[in-house]
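> have a look at this fold, sequence not included:
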Ligand SMILES: Nc1ncnc2c1ncn2[C@@H]1O[C@H](COP(=O)(O)OP(=O)(O)OP(=O)(O)O)[C@@H](O)[C@H]1O
Ligand SMILES: [Mg+2]
């Protein structure tokens, strides 16, 4: 998940912001069938996916792309008078939004496609839905690393000294190196490792000689990764790695025998947001098999609707779907431990 | 005041030339880009002498001082002090003191620290420097201000500190660049006398830049009149005033009646010149027909009535014209006389009188007289 | 003057009345020109600041210093404060080392040379640190330009690790903040009368003595201003260290960002912010006092 704010999304954001500040005209314009969606600034979202939905349903999507936590902060501060209809966020952040009563459950609403989702894509009894599962494991540089890594344990090999970048615990994808360390330490399956993650810290600490940087700037890390300065990058997900691979960058997603991790891409209705009807249409469309196939091709991610015809070249093995509520409950503590035990020099 | 007898000048001159030459500048040339500011200039200053550099703005006075001080490099030429060549020596090794036009006192230091700066810079210990600083303070009567910051001083006090600071290191030569220009007229006159006295007491050789001719006449032993990067004349004040070497010097030092004319007769060292106001006889060697300028200092002119008492053989020139303007100057009066072509050419006529004569008002006719011996002739430029 | 509930004695009243008419006279009307800036600062700076300070001592039961105990009683956060201070000091003095001569060159240069020097010093300001961080990646990586240069010169045999090192962070910080050192020194040096140094020369002072006793003391106000500006900026830096070093060099601002954004821990964030503010204020006030001393007593 690259939080890259392009000029386009920024302009859209400003447009959305001004619609919000002029409340009355916004309502008038809402009658002209528009909804305001908040979500990540991922390439492909607006230009491909939303365009498809707009064309199909004839309404306008005002989108503001930003980081999940900032997105949450916006919903929080507009709680009295929500302007956003739909929010697309990471599950751990949606957990927080649910606890604060900022989102409304999807169950029982007019969203027929919800019924066809795999059960683990309907967290908390369909409080929200996962519209796709990008996959994460180890991103490796194909020029330098031959053959491809087959196990997470390989990251600890001395030959990767100063050749590994891991993502800061403040970014959700940092869960992958933590799970990998826990797995190497305990031998338990990846999905179970989340609850044992505290036991993985010691192992992760042993990775330190190999760690060149703990990044809060994923685009820069990606650049170093593609240039060959960094062999292993833990772990941008398939949205980045496979997208860059498709553009000719010498990177690929490893398929370790321990499996890969499903990153959560959730979508939810903002509580008391305007134009709930359009919101439901929007979400239903995101979960539609046809749209999901498009999303899978666009984001190199696993569809969550069981009726979706998987694109032929995207044959992900089974992904470990995590208990993101547990993650949300423990993230702050892990951030602290991560900083004090792993990041510290 | 009358013209000084030239004998007096000659009487002092040999004494001065016999003194050792302390500063010798020869063939000094300095260019800034295409502009030649010092043009093959040479000057010698005797030990203990106080020489003024006098000249119009931009003639190169400051540039000459800076070259001597080592703050600028000459393009060509040599500088010797006490027989030693210093042309290529950096400023801090020359031991030549400078008093800058704006004094350039160190604003972060007290009066005493300013005075002690040079000594400390030359490695004199604080203890050894103290009595010399005190001496310098006493010399310029600044003892009670020793611990003041220099920024708290008046203009005159700053000027004295600047002089004392330069003298404290006992330089072999002192250069002063218009040290009085920032002072008001009253104070300036006091400081001029004080400075002259002080420098004589110290017995230092000094060069003093000014573009105020009166100041130069008051303070210096000799005056060097500069013109466009050259020394036009170097002489004692009396000679400079009484026997200017050129029209330029005549103009620059004091006032004069000047009349253009043509030499009609030339014989036995005397010429007769046709001027717009009439014929004038004067000592000089010019070919008949030459274009010349005749000049007389205003105090050498008399009203005809006064001249009538003089022996006719003395060779008296008489000119008749009208009074154009009367300037009352307190102790004396200047009459400006009408001259054809005045204003557009060099022509003008002035007479200085001890008191205002009766009937002297603009428009009245007047006849002036002056001795041929007091009349100067220059080639017309 | 103490304020009491009882009516003030007549004498102090009349004294107060006598003092009244002088008030407007003491206030220079020109001071009113600062009013818009003051109002602006009150709204965008003072109010949030007070809210922040309030948040740092607020607790369930009312007033609490627990936030400060968490920051100052934790060796990890003391280490973070140490990181920030070290970063501030190294950046400030590094920038001084490079910026001092640069400011002189700038002040002495004329015409085109000056324009080019100005551009060299100030153009980097127009390049975002994000762009720079990518550029530095290219320069500093193992097969980057700097390693290539050192190897071709025969100075090293195998590439050095330069990326994400403390040294590269310092270099980057100095690059970012150098203009803030050059500018105040330049503006002081530009006003220095070159004749002061010349006067010192004619008094027999060598170039070194002139520099130490004339130029250096007279340029100190600019140096103090530059040091305090760069130190305050560097000690509070967030973007540059997080881009150049990441989580491995936590600064106070990075902890604040983490506390507010990730942990939603206002107590921690605002206590850290207050400590940072106190440090910055101490430095700025200290520098101001130093500057006044320098101005008053000279050397
Ligand atoms: N550093 C310099 N660069 C270029 N030209 C200069 C420089 N210094 C002096 N000049 C020029 O040289 C000429 C002589 O300057 P200088 O200062 O010596 O004159 P001055 O006789 O001292 O005049 P003033 O009476 O106005 O002080 C002037 O035309 C001046 O413009
Ligand atoms: Mg001058």
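Yes, it's here. Note that this is a predicted model, so its numbers are computed, not measured. Numbering: from 1, shown residues only, chains lettered A, B, ... in the order given. Ligands and ions are numbered 1, 2, ... in the order given.
> ok, now how distant is residue A:212 from residue B:104?
Plainly put, residue A:212 is 57 Å away from residue B:104 if you go by CB to CB, to the nearest Å. Placement of C-beta: from N, CA and C, glycine included.
> neighbours around residue 187, how many?
In the absence of a named chain, chain A is used. The tally of other residues near residue A:187 (other CB atoms under 10 Å in any protein chain shown) stands at 9.
> chain C was what I was after
Neighbour tally, residue C:187, other CB under 10 Å: 16.
> I'd say it and residue C:219 touch.
No - counting by CB atoms under 8 Å, residue C:187 does not reach residue C:219; the two are 10.4 Å apart.
> low pLDDT regions in the stretch 1-150 of chain C?
Residues of the stretch 1-150 of chain C that meet the criterion pLDDT under 70 lie in C:1-27.
> contacting residues around the closest residue to residue A:160 other than its chain neighbours?
The spatially closest residue to residue A:160, leaving aside those adjacent along the chain, is residue A:210, at 4.6 Å (CB to CB, 6 or more residues apart in numbering or on different chains). For residue A:210, the contact set (CB atoms under 8 Å, 6 or more residues apart in numbering or on different chains) comprises A:155-158, A:160-164, A:232.
> now residue A:210: how far from ligand 1?
63 Å (CB to the nearest ligand atom, to the nearest Å).
> let me know the pLDDT of that residue.
As predicted, residue A:210 sits at a pLDDT of 96.
> and for residue 228, the neighbour number?
No chain specified, so I'll use chain A. Neighbours of residue A:228 (other CB under 10 Å): 17.
> right idea, wrong chain: chain C
Neighbours of residue C:228 (other CB under 10 Å): 21.
> identify the residue spatially nearest to it, adjacent ones excluded.
Nearest residue to residue C:228, sequence neighbours excluded (CB to CB, 6+ apart): residue C:287, at 3.6 Å.
> and the helix or strand where that neighbour lies, what does it pack against?
Secondary structure assignment for residue C:287, by DSSP states H and E: helix C:266-297. Contacting helix C:266-297 under the criterion 3 or more CB pairs under 8 Å, 6 or more residues apart in numbering or on different chains; DSSP states H and E are the following elements: helix C:47-57, helix C:66-72, helix C:75-108, helix C:216-235, helix C:252-257.
> mean confidence for that helix?
On average, helix C:266-297 scores 86.
> tell me which residues of that helix are tucked away?
C:266-277, C:279-280, C:283, C:287, C:291, C:294 (16 or more other CB atoms under 10 Å in any protein chain shown).
> got it, and stretch B:186-199?
Buried residues in stretch B:186-199 (16+ other CB under 10 Å): B:188, B:191-192, B:194-196, B:198-199.
> residues contacting it, please?
Outside stretch B:186-199, the residues that touch it by CB under 8 Å, 6+ apart are B:50, B:139-140, B:155-156, B:159-160, B:163, B:174, B:176, B:179-180, B:183, B:206, B:215, B:218-219.
> next step: the residues you listed restricted to helices.
Within these, residues falling in helices by DSSP state H are B:139, B:155-156, B:159-160, B:163, B:215, B:218-219.
> tally of neighbours for residue 207?
Chain wasn't specified; assuming chain A. Other residues near residue A:207 number 19, with proximity taken as other CB under 10 Å.
> should've been chain C
Quick note: residue C:207 (other CB under 10 Å) scores 13 neighbours.
> and stretch A:233-246 with chain C, contact?
No - against chain C, stretch A:233-246 shows no contacts by CB under 8 Å from any CB of the partner chain, the least distance being 13.0 Å.
> gap between that stretch and the chain center?
12 Å (CA atoms, centre = their mean, to the nearest Å).
> tell me the buried residues in that stretch?
If you call a residue buried by 16+ other CB under 10 Å, then stretch A:233-246 has these buried ones: A:233-245.
> other residues contacting that stretch?
A:1-2, A:42-44, A:134-140, A:155, A:164-167, A:173, A:176-177, A:180, A:218, A:221-222, A:225-226, A:251-253, A:261, A:263, A:299-301, A:316.
> try stretch B:339-359
B:247, B:255-260, B:276-277, B:293, B:298-299, B:301-303, B:319, B:321, B:324, B:326, B:328, B:331-338, B:368.
> now the residues you listed: which count as buried?
Counted by 16+ other CB under 10 Å, the contacts of stretch B:339-359 give B:247, B:256-260, B:276-277, B:293, B:298-299, B:301-303, B:319, B:321, B:326, B:333, B:335-338, B:368 as buried.
> those residues in helices, which ones?
residue B:247.
> can you confirm residue A:50 is in a helix?
Yes - Residue A:50: assigned to a helix according to DSSP: H, G, I helix; E, B strand; the rest coil.
> the domain parsing of chain A - what is it?
Using automatic domain parsing, the domain parsing of chain A gives A:14-133+A:264-314, A:135-262+A:321-341.
> tell me the mean pLDDT for the longest one?
The average of the pLDDT scores along domain A:14-133+A:264-314 is 87.
> repeat for stretch A:138-145
97.
> what comes up buried for that stretch?
A:138-141, A:145.
> let me have those residues in JSON lines, extended by distance to ligand 1 and secondary structure.
Shown next, in JSON lines, are these (distance: CB to the nearest ligand atom, whole Å; DSSP: H, G, I helix; E, B strand; the rest coil):
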{"residue": "A:138", "distance to ligand 1": "69", "secondary structure": "coil"}
{"residue": "A:139", "distance to ligand 1": "65", "secondary structure": "strand"}
{"residue": "A:140", "distance to ligand 1": "66", "secondary structure": "strand"}
{"residue": "A:141", "distance to ligand 1": "62", "secondary structure": "strand"}
{"residue": "A:145", "distance to ligand 1": "66", "secondary structure": "coil"}
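> endpoint to endpoint, stretch A:116-129 covers what distance?
One end of stretch A:116-129 to the other measures 11 Å (CA to CA, to the nearest Å).
> just stretch C:69-76 next, same as before
Terminal-residue distance, stretch C:69-76 (CA to CA): 12 Å.
> now stretch B:302-320
Using CA to CA, the two ends of stretch B:302-320 sit 12 Å apart.
> which one is residue 193 nearest to, not counting chain neighbours?
As the question left the chain open, I've gone with chain A. Per CB to CB, 6+ apart, closest to residue A:193 is residue A:182, 3.9 Å.
> if you could check chain C rather than the one you did, that'd help
Per CB to CB, 6+ apart, closest to residue C:193 is residue B:104, 6.5 Å.
> with residue A:175 instead?
residue A:327 (6.4 Å).
> which SSE is that neighbour in?
Secondary structure (DSSP H and E) places residue A:327 in helix A:324-337.
> which residues touch that helix?
A:90-96, A:123-124, A:169-170, A:172, A:175, A:178, A:194-195, A:197-198, A:201, A:264, C:258, C:262-263, C:265.
> buried ones in that helix?
A:324-325, A:327-328, A:330-332, A:334-335, A:337.
> check contacts around the residue of chain A found nearest chain B.
Relative to chain B, the nearest point of chain A is residue A:345 (44.3 Å; CB to the nearest CB). Contact analysis of residue A:345 by CB under 8 Å, 6+ apart lists C:248-249.
> contacting residues for the closest residue to chain C within the stretch 151-300 of chain B?
Proximity of the stretch 151-300 of chain B to chain C (CB to the nearest CB) peaks at residue B:169, 5.7 Å away. Shown in contact with residue B:169 (CB under 8 Å, 6+ apart): B:95, B:97, B:118-119, B:122, C:203-204.
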